[in-house]
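K.L.:
Pasting the sequence and the predicted model now:
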Amino acid sequence: MRILVTGGTGFIGSHTVVRLIENGIDVTVFDNLYNSKITVLDKIEKITGVRPDFRLCDMTDRDSLEIIFKEAHFDAVIHFAGYKAVGESVEKPLMYYDNNITGTLNLLELMEKYNVKNLIFSSSATVYGIPDKCPIEESAPLFCLNPYGRTKLMIEEILRDLCIADKDFSAVLLRYFNPVGCHPSGLIAENPNGIPNNLMPRIIQAAKGEIPELKVFGDDYDTRDGTCIRDYIHVVDLADGHVAAVDYVIKNKGSIAVNLGTGNGFTVLELIKTFERVNGVKVPYSIAPRREGDSMESFADTRLAKKVFGWETKLSVEDMCRDAWKGALSYE
Ligand code: UFG
């Protein structure tokens, strides 16, 4: 079996490539290296003993993309490629819509042309906007607060429409909660370009002394310690969720959206304290005003993933904190 992985040198993409190879699946990776480095391929090879076939390609360049489809047949595509910074998407919406939507349309047209009918799409719990209730079921109302989120939701809609029009098409829309951690070797890790906005990269910066302190956005929410609750999921568990989805996407037709989370919520302060305890480091922080657009609470209903993929997470929040720190210290 051969799978095409778009954005396969990125954070979640590279971890998924490792688990695909370890499951005996042949992989072709393409990436434009906008938010990742070519050296990731050396690291994947070091971990797995296999160097994946790599093509430097931008999905908005349809002609280059077509060459990849001409040269090999793929049993399925896992589609990670896309811009993902919320703030940047607000400032540069056209860049986001062009890259994420145009790029995906190119990919889907070529999949149709070359008779590749199975797609796993990297969606996000961001499509739930500010949820009315937790745990969040896949049937919850969908709406998005920024252009980045809207590109995820639009692509979900495009895939639902495509599956209605083409009865042979199969699309699995994976809605990730908050991916953190990295491969236990520390070799591949999250390496955000520019100033990171997400909690774990900021915790790491504060622990390293790269910023004077972490700002905790709000401690007056109606939660057990006043800070927001999220469903943090280890990226290796998330990668395994994709491997489980491969089997499903090949054996089924139509579209399905599935949450990938642990089902457990942790507050911002709980994550900071766990990080300090597990790694024996201090994370200086102070309480700051609430961040606009944040929901108080977000965690997954995980029953569907278990039912349809037979998948559930194995790694704890301690594992996430330990591996994230190891990756931050050893990442080159
Ligand atoms: N937080 C802080 N200080 C920081 C950064 C974050 O207190 O410096 C808090 C936030 O207020 C929030 C929690 O940490 O309560 C998690 O924030 P993240 O930015 O790490 O994650 P979000 O849940 O806000 O958003 C993430 C991704 C989005 C994705 C969404 C899906 O960043 O891309 O999950 O639900 F869409």
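P.N.:
The structure has been received and is ready for your questions.

K.L.:
from the middle of its chain, how far away would whichever strand or helix holds Leu271 be?
P.N.:
In the assignment (DSSP states H and E), Leu271 maps to helix 268-279. How far helix 268-279 lies from its chain's middle: 22 Å, per Cα atoms, centre = their mean, to the nearest Å.

K.L.:
what residues does the helix or strand that comes right after it touch?
P.N.:
Per DSSP H and E, helix 268-279 leads on to strand 285-288 as the next helix or strand towards the C-terminus. Strand 285-288 is contacted from outside by Ala206, Glu213, Leu214, Lys215, Val216, Phe217, Gly218, Asp219, Ile272, using Cβ atoms under 8 Å, 6 or more residues apart in numbering. Placement of C-beta: from N, CA and C, glycine included.

K.L.:
same thing but at 6 Å, please
P.N.:
Applying Cβ atoms under 6 Å, 6 or more residues apart in numbering, the contact partners of strand 285-288 are Glu213, Leu214, Lys215, Val216, Phe217, Asp219.

K.L.:
what's the average pLDDT for the helix or strand following it?
P.N.:
Under the assignment DSSP H and E, the closest C-terminal helix or strand after strand 285-288 is strand 297-298. Per-residue pLDDT over strand 297-298 has a mean of 97.

K.L.:
ok, back up a step: what is the nearest of the contacts of strand 285-288 to Thr28?
P.N.:
When these are compared for distance to Thr28 (Cβ to Cβ), Leu214 wins out at 39.3 Å.

K.L.:
Ramachandran angles for the closest one?
P.N.:
For Leu214, the backbone dihedrals (degrees, to the nearest 10) come out as phi -90, psi 140.

K.L.:
What is the burial count for it?
P.N.:
20 (other Cβ atoms under 10 Å).

K.L.:
need the contact list for it.
P.N.:
Counting by Cβ under 6 Å, 6+ apart, the residues that Leu214 touches are Arg202, Ile203, Ala206, Tyr285.

K.L.:
Just the buried ones out of the contacts of strand 285-288, please.
P.N.:
Leu214, Val216, Phe217, Asp219 (16 or more other Cβ atoms under 10 Å).

K.L.:
my guess is Gly10 meets Leu33, correct?
P.N.:
No. Judged on Cβ atoms under 6 Å, Gly10 makes no contact with Leu33 at a distance of 9.4 Å.

K.L.:
more neighbours, those two?
P.N.:
The neighbour comparison of Gly10 against Leu33 (other Cβ under 10 Å) goes to Gly10, with 27 against 14.

K.L.:
tell me the pLDDT at the more buried one?
P.N.:
Listed pLDDT for Gly10 reads 95.

K.L.:
Near the residue of the stretch 1-150 of the chain found nearest the ligand, how many other residues are there?
P.N.:
Here the stretch 1-150 of the chain gets closest to the ligand at one residue, Thr126, 2.8 Å apart by Cβ to the nearest ligand atom. Look at Thr126: counted by other Cβ under 10 Å, it has 22 neighbours.

K.L.:
Go ahead and confirm it touches Arg150.
P.N.:
No. Contact criterion Cβ under 6 Å: Thr126 and Arg150 do not qualify, at 9.3 Å.

K.L.:
Please name the residues that touch Phe30.
P.N.:
Shown in contact with Phe30 (Cβ under 6 Å, 6+ apart): Thr6, Arg55, Cys57.
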